[in-house]
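Engineer: Mind looking at a prediction? Sequence and model below.
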There are 4 protein chains.
Amino acid sequence: MSDQDLRVGLIGAGKMGADHARRIHERISNARLVAVGDPDGERAAQAAAGTGARAEQDPFEVIGASDVDALVIASPGAVHEPLLLAAIERGIPVLCEKPLTPDSKSSLRVVEAEEARGKHLVQVGFMRRFDPEYVELKQLLGTGDLGRALLLHCAHRNAETPPGFTSQMMIYDSVVHEFDTTRWLLDQEISAVSVRWPHSSGAAPEGLLDPQVVTIETTGGVLVDVEIFVNCGFGYQVRCEAVGERGTALIGASRGPLVHQSARWGGAVPQDFRDRFGAAFDQEFQRWAHAARRGSTDPAAADAWDGYAAAAACEAGVQAQATGQRTEVELADRPDFYS
Amino acid sequence: MSDQDLRVGLIGAGKMGADHARRIHERISNARLVAVGDPDGERAAQAAAGTGARAEQDPFEVIGASDVDALVIASPGAVHEPLLLAAIERGIPVLCEKPLTPDSKSSLRVVEAEEARGKHLVQVGFMRRFDPEYVELKQLLGTGDLGRALLLHCAHRNAETPPGFTSQMMIYDSVVHEFDTTRWLLDQEISAVSVRWPHSSGAAPEGLLDPQVVTIETTGGVLVDVEIFVNCGFGYQVRCEAVGERGTALIGASRGPLVHQSARWGGAVPQDFRDRFGAAFDQEFQRWAHAARRGSTDPAAADAWDGYAAAAACEAGVQAQATGQRTEVELADRPDFYS
Amino acid sequence: MSDQDLRVGLIGAGKMGADHARRIHERISNARLVAVGDPDGERAAQAAAGTGARAEQDPFEVIGASDVDALVIASPGAVHEPLLLAAIERGIPVLCEKPLTPDSKSSLRVVEAEEARGKHLVQVGFMRRFDPEYVELKQLLGTGDLGRALLLHCAHRNAETPPGFTSQMMIYDSVVHEFDTTRWLLDQEISAVSVRWPHSSGAAPEGLLDPQVVTIETTGGVLVDVEIFVNCGFGYQVRCEAVGERGTALIGASRGPLVHQSARWGGAVPQDFRDRFGAAFDQEFQRWAHAARRGSTDPAAADAWDGYAAAAACEAGVQAQATGQRTEVELADRPDFYS
Amino acid sequence: MSDQDLRVGLIGAGKMGADHARRIHERISNARLVAVGDPDGERAAQAAAGTGARAEQDPFEVIGASDVDALVIASPGAVHEPLLLAAIERGIPVLCEKPLTPDSKSSLRVVEAEEARGKHLVQVGFMRRFDPEYVELKQLLGTGDLGRALLLHCAHRNAETPPGFTSQMMIYDSVVHEFDTTRWLLDQEISAVSVRWPHSSGAAPEGLLDPQVVTIETTGGVLVDVEIFVNCGFGYQVRCEAVGERGTALIGASRGPLVHQSARWGGAVPQDFRDRFGAAFDQEFQRWAHAARRGSTDPAAADAWDGYAAAAACEAGVQAQATGQRTEVELADRPDFYS
């Protein structure tokens, strides 16, 4: 297959799926979108328009199609499991947007299915692993120049939330990224999660506790604090400072042209995660396409085990929110297959 | 007295006291050092040398001297109480290095003595209140532009500790500043303190848990986290980020000439709190001297009540360290005298 | 052609050409490398290896091949003219690395040939036009928020020069980028060039005047100064500050993780233009591929006229170096075809 | 005199003089204001009010008064010469605001008078020599870490000009600081000056060419460019980048709290030179007072020769403005007295 383009099927034609359709069509080398599946056929057709791909209403038609070499899943997390299991059964590589599945039990079933299939096929869309700054931070920690990591200080801020956003979503949709980056940066599992909060912002919708501070403990004794603030008002911002025995390293500083005007110095804040992480998504997809053409996954990416571990941490996080207590994370034994 | 210099007596001729002797002599307008008291007479003489002041072994000689208009106390905290009470009795203004006294009970006695005397005489040396960046941050919070304050993220790092430094000292000598700045920036009392820590740095002395993360809750529902890391290796650094409903403000960023050299961009980190806060100390002393010449204290400074409240927070912090539990701060009722 | 990949022929398999071969193969969507031409056949074969492209020794074989839809020229500037003229004659889109040609007379012949052909085919590789920061700066100037542009302050620094680097190359290889960005940012032509220099760095090779300061005047009355320093020692750095009537905007600040360690704050400086402008090259090629598939050029890119104008400015710059005099730039009338 | 306060006479009670009156009274240790002289007696009285000083209409009364140990001159430059000569004759230390005198001939007479008196008495108020960042930059250049200095890039911007501001004042009032810092940072004399300008800002008053770019050449072969822009609109900004053989160092970056709000990151720009250089003025005066109490001048400060050299550079600058030509600076031989 190496001289041919990877023929990609996409499932889910919402905002994220439509973005990925354009990404694959316009910016990913050696990959070609051939089918878009969404129960909302009109939406599928819109996402497919101009890409040369066909639209399908039944996602399983896409998974089973003989001209589909690999799959991108961008549908809601609640329907991921059967899609993943079908793709694993067919033996085709899958790039699945996070979450892998909405809970750790179903995620573990995916892990087990993949292990049983004996082939690394599933990749989870934790795109920060492809952000140049995060990559530099991981490399820096890997050199040992800063000594052993002791603390991470994280901030994750969104300008505002859409209607219906809940406290649980702050964990499942937002802090899940910090769960993954913590595990990835440190190469340690998460052992416990606590959540606290100040009085809520007047800008937060009725009933939403916003901001919150999530404290993560790892198996290696690192302590991580995460400010999650989803109605901060000023824009989208993700920051991480690693504190090691001999020094610190901070990523996520504001950037762009430095302007002096109207008695102020400074610049513009990105308003959307796509502004901040657009290049990371591109890199993630391009590397995935290269790996998938060889029938495998990108070792730099999150795999099914990572998806499972993130789901387990989310569960602990939501329980910690509900009880106000420090909550331990229970993980299955990690199969050798994922080591 | 307004056309005369303020005649200052200094008690305590250790490192800090000697610094203050030079400060008063060389940089403070309208003030003159007349006596230095230290049980170690030789040390007193050294600090006094070249300033025109006389040296005394008995600090109470200094307090009682007729040519002493005002007092600076820079001796160890354990001996502050009787010195303060004597000065209050004599009715002379005192600038007392922190802590006011080592525990809240004795601090409360000072508060009560001052209240009984009916005159504001005691000022505590929380010099950050005079640091230009902290002052700007407080002003900014005061404008309301950022909305109500919700969170503070603080980091307080020292290059290394002297021999004998203990976990309790991390609270009493270091985090005490964050207790004071929290109260001062927010105009709220501290209601509870918790402490957690990661595995300790290999650079920390045997037996010292370093770094630690102290979480402070306030009566106004603000949540404050403080990284205290006293063997960070690279220098002295104090940072504070306030998160409000509509925006954030960060102070303590590294500064100085931006150098590009040897494949690196950046600059030098101060190695000592005197580098970072030297101008704040000068400002604190100068304003104190002006107020003391008028027989009063500087309203911008910390008063005896602030010293008491900081002592109470320190006690809660040390208990939280020892028990691993969230510990509430119990405060006496605040006398009208201090409102 | 819209559903087919663009089939690209590459001429020149030196360092830059080999880079572009990998770029097209690995990162550019909807494009495929089919032939690499270089008189050094071995080099051509190396660059083609693993891309599925064939190697040719005669570049004109590549230009004439029926399976070549579009051309990338990365050979030395001295041989560009006949290659460009052949491609124009065949009517295929060309992305030509700068310079268009080494002198303004030959560049003008390319302009005239393209105009005669009546079709926009030629694009010049001034990649800064695709750098996100430069793009933001141009947009900012376009909003009018800063008022009319008055001054540009530029710095262009390389760690060191390869053997044989001359003062003229500082103009033709380095400052040529500032000539182009000046014209592009301001939408004005260059009217005159002056060059001055301090005593040279001890790190500059014998006979090279390094650094130099080039002053550019534009037809709109903007004054531009460019520090060109090609043996600055510490890395690769490109900076541009625009000064308008109401404010300034600076791009090119150092970035990457902010590290505190060993008594220093700061980060790493890129050592190579490929680190700094890698994403710009990718963007340039991807957009070119999209345009070329439609048989045209990217309107955001530099065209043949831009290549000619840059060549004319370089000639003035080299003359200004040689004479020490302010030298005016003489341009032909701009054909309507390029307006 | 060492145990007594320095008794200071101040001449000139305009904006700057009134500032200095408050500075001496409130912030300078070991100095006391005793007399303020200004032909406008009411203004003198206002500046003296609350300081304990008397007001005089005749400045020579101040210079001659037996209780005046030292003099500060803050009157217009045009009247400095006779005041300086009288102070030199009386043998008292003088801190003279820049310019020393308005032209090099009269400045040279002051130099000769001081030399004839045989005692260092005159200090010129180039306060940047006491700015912490400039001091750090000079120290850094002194270490040799950056190699020999090759270039300085300077920017000097004011929000707006008062009515009646002329192009000559841009040299005499503004660029004069860059003339002095160039000489001081590099320990070299200025050999030539050139001036160019773009089209002027629409915000500049009728008839004022603003901004301008001044190029300074030094006897050591360093090339300095200075953007002087006195109606930049956004605030007061002074920046200097030194380029050495092995690296660069930049001072004057914008600072203060980093705020994220309303889709912007950044902070406030100082609006006035007193905000930016207030601490430098204080330091200058404090060090002068210490030196003057010992009957001498501060070796870190600018002396009469520096004042003369700055005047000569200003004359060349104004001539370069008028003629559009590079203009050489002619200096008298430097007396050994000033080496």
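Structural biologist: Received, thanks. Numbering: from 1, shown residues only, chains lettered A, B, ... in the order given.
Engineer: Spell out which residues of the stretch 201-339 of chain A are next to chain B.
Structural biologist: Counting by Cβ under 8 Å from any Cβ of the partner chain, the stretch 201-339 of chain A comes close to chain B at A:201-203, A:211, A:213, A:215, A:220-223, A:225, A:227, A:229, A:232-234, A:243, A:245-248. All C-beta spots, glycine's among them, are computed from the backbone N, C-alpha and C.
Engineer: can you tell me which of those residues are up against chain D?
Structural biologist: Checking these against chain D (Cβ under 8 Å from any Cβ), the matches are A:Cys232, A:Gly233, A:Phe234.
Engineer: pLDDT score assigned to A:Asp3?
Structural biologist: At A:Asp3, the predicted lDDT confidence score is 59.
Engineer: which SS class is the residue in the stretch 151-300 of chain A positioned nearest to chain D?
Structural biologist: In the stretch 151-300 of chain A, the residue that lies nearest chain D is A:Gly266 (1.5 Å; Cβ to the nearest Cβ). Of the three states, A:Gly266 takes strand under DSSP: H, G, I helix; E, B strand; the rest coil.
Engineer: go on, A:Leu137?
Structural biologist: helix.
Engineer: Around chain B, which positions in the stretch 1-150 of chain A sit nearby?
Structural biologist: Residues of the stretch 1-150 of chain A lying near chain B (Cβ under 8 Å from any Cβ): A:Gly147, A:Arg148, A:Leu150.
Engineer: Narrow the residues of the stretch 201-339 of chain A next to chain B to those in strands?
Structural biologist: A:Val213, A:Thr215, A:Leu223, A:Asp225, A:Glu227, A:Phe229, A:Val243, A:Gly247, A:Thr248 (DSSP state E).
Engineer: For chain A, list the residues in contact with chain C, please.
Structural biologist: So far as Cβ under 8 Å from any Cβ goes, chain A lies against chain C at A:3, A:5, A:25-31, A:52, A:133, A:136-137, A:140, A:145-146, A:246-251, A:253, A:255-262, A:279, A:286, A:290.
Engineer: And the residue of the stretch 51-200 of chain A that's closest to chain B?
Structural biologist: A:His199 (3.3 Å).
Engineer: now that residue, nearest residue through space, not along the chain?
Structural biologist: The shortest distance from A:His199 to any non-neighbouring residue, by Cβ to Cβ, 6 or more residues apart in numbering or on different chains, is to B:Gly221 (3.3 Å).
Engineer: in terms of contact, does the one you found touch A:Trp197 like I think?
Structural biologist: No - the pair B:Gly221 and A:Trp197 does not pass the contact test of Cβ atoms under 8 Å, sitting 9.0 Å apart.
Engineer: of those two, who's got more company?
Structural biologist: When B:Gly221 and A:Trp197 are compared on other Cβ atoms under 10 Å in any protein chain shown, the one with more neighbours turns out to be A:Trp197, at 20 against 15.
Engineer: Chain A: helices as residue ranges?
Structural biologist: A:15-27, A:41-48, A:59-64, A:80-90, A:104-117, A:132-143, A:167-169, A:176-186, A:273-293, A:304-323 (DSSP state H).
Engineer: Out of those helices, which gets nearest to C:Pro299?
Structural biologist: Nearest to C:Pro299 among these is helix A:15-27 (16.9 Å), distances taken as Cβ to Cβ.
Engineer: what angle separates that closest one from helix A:273-293?
Structural biologist: 60 degrees (axes from the mean of the first three to the mean of the last three Cα atoms, to 10 degrees).
Engineer: Buried residues in helix A:15-27, which are they?
Structural biologist: Neighbour-count burial for helix A:15-27, counted by 16 or more other Cβ atoms under 10 Å in any protein chain shown, picks out A:Met16, A:Gly17, A:Ala18, A:His20, A:Ala21, A:Arg23, A:Ile24, A:His25, A:Glu26, A:Arg27.
Engineer: still on that earlier bit, top of the ones next to chain D among the residues of the stretch 201-339 of chain A next to chain B by number of neighbours, please.
Structural biologist: A:Cys232 (30 neighbours).
Engineer: so what's the backbone phi/psi at that residue?
Structural biologist: Reported as degrees, to the nearest 10, the phi and psi values for A:Cys232 are phi -70, psi -20.
Engineer: sorry, back to before: now, which of the ones next to chain D among the residues of the stretch 201-339 of chain A next to chain B sits nearest chain C?
Structural biologist: A:Phe234 (18.4 Å).
Engineer: Was I right to think that closest one contacts D:Gly266?
Structural biologist: No - A:Phe234 sits out of contact with D:Gly266 when judged by Cβ under 8 Å, with a separation of 11.2 Å.
Engineer: Show the contacting residues for the spatially most central residue of chain A.
Structural biologist: Nearest to the mean C-alpha position of chain A, by Cα atoms, centre = their mean, lies A:Phe126 at 2.8 Å. Neighbouring residues of A:Phe126 by Cβ atoms under 8 Å, 6 or more residues apart in numbering or on different chains: A:Lys98, A:His177, A:Asp180, A:Thr181, A:Trp184, A:Ala301, A:Ala302, A:Asp306, A:Ala310.
Engineer: of the residues you listed, closest to D:Val62?
Structural biologist: Nearest to D:Val62 among the contacts of A:Phe126, with distances taken as Cβ to Cβ, is A:Thr181, at 68.9 Å.
Engineer: That closest one and chain C, how far apart?
Structural biologist: 14 Å (Cβ to the nearest Cβ, to the nearest Å).
Engineer: burial of A:Ala74, as a residue count?
Structural biologist: Using other Cβ under 10 Å, A:Ala74 has 24 neighbouring residues.
Engineer: ok, now which ones touch it?
Structural biologist: The contact partners of A:Ala74, by Cβ under 8 Å, 6+ apart, come to A:Leu10, A:Ile11, A:Gly12, A:Ala13, A:Gly14, A:Met16, A:Gly17, A:His20, A:Glu97.
Engineer: List only those of the residues of the stretch 201-339 of chain A next to chain B flagged as buried.
Structural biologist: Buried among these by 16+ other Cβ under 10 Å: A:201, A:203, A:211, A:213, A:215, A:222-223, A:225, A:227, A:229, A:232-234, A:243, A:245-248.
Engineer: about what we covered before: out of the ones next to chain D among the residues of the stretch 201-339 of chain A next to chain B, which is nearest to D:Pro335?
Structural biologist: A:Phe234 (60.5 Å).
Engineer: what residues are up against that closest one?
Structural biologist: A:Phe234 touches A:Arg157, A:Ala159, A:Val269, B:Arg246, B:Gly247, B:Thr248, D:His260, D:Gln261, D:Ser262, D:Ala263, D:Arg264, counting by Cβ under 8 Å, 6+ apart.
Engineer: quick one, phi psi at the third one?
Structural biologist: Spelled out, that is A:Val269. Dihedral angles of A:Val269 (phi, psi; degrees, to the nearest 10) stand at phi -100, psi 130.
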